[in-house]
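> dropping a prediction and its sequence here:
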There are 2 protein chains.
Amino acid sequence: MFPWRRKSLLFARVLLFLKNRKTVARRRNAHMLKYPDAKVISLGIGDTTEPIPEVITSAMSKARLLFRAEALSTLEGYSGYGNEQGEKPLRTAITSTFYGDLGIEEDDIFVSDGAKCDISRLQMVFGANVTMAVQDPSYPAYVDSSVIMGQTGQFQKDFEKYGKIEYMRCTPENGFFPDLSKVTRTDIIFFCSPNNPTGSAATREQLTRLVQFAKDNGSIIVFDSAYAMYMSDDNPRSIFEIPGAKEVAMETSSFSKYAGFTGVRLGWTVVPKQLLYSDGFPVAKDFNRVICTSFNGASNICQAGGLACLSPEGLKAMSEVIGFYKENTNIIMDTFNSLGFSVYGGKNAPYVWVHFPGQSSWDVFSEILEKTHVVTTPGSGFGPAGEGFVRVSAFGHRENVLEACRRFKQLYK
Amino acid sequence: MFPWRRKSLLFARVLLFLKNRKTVARRRNAHMLKYPDAKVISLGIGDTTEPIPEVITSAMSKARLLFRAEALSTLEGYSGYGNEQGEKPLRTAITSTFYGDLGIEEDDIFVSDGAKCDISRLQMVFGANVTMAVQDPSYPAYVDSSVIMGQTGQFQKDFEKYGKIEYMRCTPENGFFPDLSKVTRTDIIFFCSPNNPTGSAATREQLTRLVQFAKDNGSIIVFDSAYAMYMSDDNPRSIFEIPGAKEVAMETSSFSKYAGFTGVRLGWTVVPKQLLYSDGFPVAKDFNRVICTSFNGASNICQAGGLACLSPEGLKAMSEVIGFYKENTNIIMDTFNSLGFSVYGGKNAPYVWVHFPGQSSWDVFSEILEKTHVVTTPGSGFGPAGEGFVRVSAFGHRENVLEACRRFKQLYK
């Protein structure tokens, strides 16, 4: 029909996130058809459920802030295109709130519409010819964006792995921190701490080793700290707490899980000016070029919300929301602990990582859904080392979490 | 220092948009230092200046719509992650408003945070190994995103062109529509009508030829209709008005210039399910994969604003804003016409394209800035065929446009 037109290139590529999400959705829908009267509870995808604190939404709708929806209807309050890198007051507030004494400066901060989007923009900076390491298991966007950029080679169905991706195994045996002596050198290392889905957070000592590993190999770490505010233990909340990290790491983060901004869309990426390519050119300058070409800045209304998040009232309100989800986490952990399961995560992240040794994640997922009408996430969807686990998310209304836990107790009593 | 780390790849690539914007900004700043008391007027970058109609901002801040900032503070009104493709009511409204009888369906619409962002996501679908044609001159994001993806080959400084880009010359001689008999076949054809910067709009007959050309060559047209609502003449507002276009074209558009959403960020791309690769796979499915991997949907607050834009009151308010800018356009056109210049565009777009035959765009830009303190945009920044032109934007407060025109009359009387 169009002999000259190229074929689909992406078609043959397996995107883990899509594949798994579609399967979960299909199973859930089939379940609801089968049990039309069942009250299905979702502790599956990591989506927040509690309202955004009023102090933050009012900033977006009517408060006296730089950028706000209503002010945009006045000549004085109107603003058009902003800086692609974000508005100065927000960049300043992010710097002082999260990187106060770490030597990160305001112009190292790039405000975005979320960490997932920034990960893809980083992949555009890296291009198709880099090698990539990820924690196994981890948030699927790292591998999937890598697949789309054409970095990953063929999918090896037998191993559920891409040939050119280095999977850094993170299991209970190694305390969910990879054995770096067995990790092959790559150009880029994605590292998420506290980790999604395992909920584990790397210690200062572990991150110091990771930074040294990257330094020795000339690798660049992309550190994902989207859950840092859920940390209870005294682990680093930012990779930049590790001396020397500015020369080997960038960091991406998000308001999504702090302020319920999953639908509002606001995040940021830190690219320190000390992070250089081997030819001495700053990575931040390349990222800035991609940002200015492929992005036009986060919505000014959402940025007003972000600024309100970082006011004293906003920080207090966010910490209350986070505290609420952490109570959910405790309820879920206590439940599975009381049932004799090996339970990981939870303490530093809104995710509980439950071990079902010797079983397939999908079988466990199916059994839980069939018998309790609760949707979880099969661990194998996050990488082959997630096999035998399910992730239970603490994002839920309290009564749903309590009801789900009652049902878990009934199932596994 | 990091012998194993790769060099910067993007560094050597010339991004037209950044290069020109930086130069304009530098010149403007130098001018303001030189003339600290001058009232500098910017008719340079295409950024809207008039407030967003209250009917639209109130939807975003307090009206009773599906998604709104304040409702997000209530349990009933809260929503987290939306569909990456956009909320159903907005997709429905876009379909019925812009593509009512053109056979485009709601699931062909992908809501985004703006056309510029979607262009880059389309480039991720296309990958590095496609060939590309652009109107010369045109909106620089097409070429720049192409450069970042590595499609373009070397920059040829003598011609101000990239080796592997097909530049389709659009000048007064050909009525700003390319001579297709001289255009080399490419995989992708970017086509913007009404065009930025020339302000010219292709006729039905011309677009019919373009669609046939694409069909004959197995090319895919990316049609940019971001200025369609500025059309006065009876030209197509959408490529899908041309029979058969759904098999060869997609279309990207935006609320930016209709509702003053340049800072709010909202747009959409139409990928008809009839648009197939040579292996029969729908392009829309590939685009959907990129959207779901690299994007998490446009902000729910902004989508509420978009929905309000497409209500009867919103449409009326938008058409008033557009009418205001069109009056500005007339004032600017009348001014240059009365001074004896050859003036193009204006009638179907908020841009006036003024010819200074034999002169360099940058020299004209400099002279206008030096003598009138008005910032314009040098035509050569949009492509080599823009040499000898400047673009005067109609986005400005009325008194600024009038004052700028008074100064033009003084300069060129």
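Good, I have the coordinates.

> and the residue nearest the centre of chain A?
Chain A has residue A:226 as the residue nearest its centroid, 5.3 Å off, counting by C-alpha atoms, centre = their mean.

> so it touches residue A:261, yeah?
No. Judged on C-beta atoms under 8 Å, residue A:226 makes no contact with residue A:261 at a distance of 11.0 Å. (Glycine included, C-beta is placed from N, CA and C.)

> between these two, which contacts overlap?
Counting by C-beta atoms under 8 Å, 6 or more residues apart in numbering or on different chains, the common neighbours of residue A:226 and residue A:261 are residue A:254.

> burial of the residue lying closest to the residue nearest to the centre of chain A once chain neighbours are set aside, as a residue count?
Using C-beta to C-beta, 6 or more residues apart in numbering or on different chains and skipping residues adjacent in sequence, the residue nearest residue A:226 is residue A:254, 4.6 Å away. Neighbourhood size, residue A:254 [other C-beta atoms under 10 Å in any protein chain shown]: 27.

> show me the contacts for residue A:254.
If a contact means C-beta under 8 Å, 6+ apart, then residue A:254 has A:114-115, A:226, A:261, A:266-268 as its contacts.

> and which of the residues you listed is nearest residue B:50?
residue A:266 (26.0 Å; C-beta to C-beta).

> orientation of the worst-scoring helix or strand of chain A on mean pLDDT relative to helix B:54-61 in degrees?
In chain A, no helix or strand scores lower on mean pLDDT, DSSP states H and E than helix A:54-61, which sits at a mean of 78. Between helix A:54-61 and helix B:54-61, the angle comes out at 160 degrees (axes from the mean of the first three to the mean of the last three C-alpha atoms, to 10 degrees).

> buried ones in the following helix or strand past helix A:54-61?
Note on helix A:54-61: by DSSP states H and E, the next helix or strand toward the C-terminus is helix A:88-99. Residues A:89-95, A:98-99 are the ones in helix A:88-99 that count as buried (16 or more other C-beta atoms under 10 Å in any protein chain shown).

> right, is helix A:88-99 up against chain B?
No. With C-beta under 8 Å from any C-beta of the partner chain as the criterion, chain B is not reached by helix A:88-99; the gap is at least 13.1 Å.

> what ranges do the strands span in the stretch 201-350 of chain A?
A:220-224, A:249-254, A:267-270, A:342-345 (DSSP state E, counting those that start in this stretch).

> in CSV, list those strands along with mean pLDDT.
Shown next, in CSV, are the strands of the stretch 201-350 of chain A (pLDDT from 0 to 100):
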stretch, mean pLDDT
strand A:220-224, 98
strand A:249-254, 98
strand A:267-270, 98
strand A:342-345, 98
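
> around chain B, pick out the residues from the stretch 301-413 of chain A.
A:301-302, A:305, A:395, A:397.

> can you verify residue A:199 is assigned to a helix?
No. Counting by DSSP: H, G, I helix; E, B strand; the rest coil, one finds residue A:199 to be coil, located in no helix.

> which residues touch it?
Counting by C-beta under 8 Å, 6+ apart, residue A:199 has contacts A:344-353.

> at 7 Å instead, please
Residue A:199 makes contact with A:344-346, A:348-349, A:351-353, according to C-beta atoms under 7 Å, 6 or more residues apart in numbering or on different chains.

> and for residue A:262?
So residue A:262 contacts A:47-48, A:256, B:80-81 (C-beta under 7 Å, 6+ apart).

> tell me the phi and psi of residue A:238?
Taking degrees, to the nearest 10, you get phi -140, psi 150 for the backbone angles of residue A:238.

> from residue A:191, how far off is the nearest residue to residue A:244 once chain neighbours are set aside?
Distance criterion C-beta to C-beta, 6+ apart; nearest residue to residue A:244, sequence neighbours excluded, is residue A:211 at 5.7 Å. In this view, residue A:211 and residue A:191 are 10 Å apart by C-beta to C-beta, to the nearest Å.

> and the nearest residue to residue A:3 once chain neighbours are set aside, how many neighbours?
Leaving aside its chain neighbours, residue A:3 sits nearest to residue B:218 (6.2 Å; criterion: C-beta to C-beta, 6+ apart). Neighbour count for residue B:218, taken as other C-beta under 10 Å: 17.

> and the residue nearest to residue A:413 when sequence neighbours are not counted, what does it touch?
Spatially, and ignoring its direct neighbours in sequence, residue A:413 is nearest to residue A:339 (7.3 Å; C-beta to C-beta, 6+ apart). Shown in contact with residue A:339 (C-beta under 7 Å, 6+ apart): A:408-409, A:412.

> and the closest residue to residue A:6 other than its chain neighbours, how far from residue B:214?
With sequence-adjacent residues excluded and distances taken as C-beta to C-beta, 6+ apart, residue A:6 is closest to residue B:187, at 5.9 Å. Look at residue B:187 and residue B:214: by C-beta to C-beta, they are 10 Å apart.

> with neighbour numbers in mind, choose between those two.
With neighbours defined as other C-beta under 10 Å, residue B:187 and residue B:214 compare such that residue B:214 has more, 27 against 19.

> can you give me the helices in the stretch 101-250 of chain A?
Using DSSP state H, counting those that start in this stretch, the helices found in the stretch 101-250 of chain A span residues A:115-126, A:141-149, A:204-217.

> want to throw those helices into CSV with mean pLDDT?
Putting the helices of the stretch 101-250 of chain A into CSV (pLDDT from 0 to 100) gives the following:
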stretch, mean pLDDT
helix A:115-126, 95
helix A:141-149, 94
helix A:204-217, 98
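
> tabulate those helices in CSV, adding columns for distance to residue A:135.
CSV is the format used below for the helices of the stretch 101-250 of chain A (distance: least, C-beta to C-beta, whole Å):
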stretch, distance to residue A:135
helix A:115-126, 14
helix A:141-149, 9
helix A:204-217, 11
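
> tell me the contacts of the residue lying closest to residue A:193 once chain neighbours are set aside?
The shortest distance from residue A:193 to any residue other than its chain neighbours is 4.4 Å, reached at residue A:202 (C-beta to C-beta, 6+ apart). Counting by C-beta under 7 Å, 6+ apart, residue A:202 touches A:177, A:193, A:235.

> wouldn't the last one be in contact with residue A:205 here?
What that stands for is residue A:235. No. The pair residue A:235 / residue A:205 is not scored as a contact, 9.7 Å apart, by C-beta atoms under 7 Å.

> in terms of neighbours, single out the busier of the two.
residue A:235 (19 against 11).

> any idea how far the more buried one is from residue A:242?
The value you get for residue A:235 to residue A:242, if C-beta to C-beta is used, is 11 Å.

> same question, residue A:317
Going from residue A:317 to residue A:242 by C-beta to C-beta gives 30 Å.

> ok, residue A:254 next?
According to C-beta to C-beta, residue A:254 stands 21 Å off from residue A:242.

> for PyMOL, what selects the buried ones among the contacts of residue A:339?
Remark: buried members of the contacts of residue A:339, expressed as a PyMOL selection using 16+ other C-beta under 10 Å:
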select buried, chain A and resi 408+412
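
> just the helices in the stretch 251-400 of chain A please.
Counting by DSSP H, counting those that start in this stretch, the helices of the stretch 251-400 of chain A are A:256-259, A:283-294, A:300-309, A:312-338, A:361-372, A:398-412.

> what packs against the shortest one?
Contacts of helix A:256-259 with other secondary structure elements, assessed using 3 or more C-beta pairs under 7 Å, 6 or more residues apart in numbering or on different chains; DSSP states H and E, are made with helix A:312-338.

> and the helix it packs on with helix A:88-99, angle?
Per the same axes, to 10 degrees, the angle that helix A:312-338 makes with helix A:88-99 is 40 degrees.
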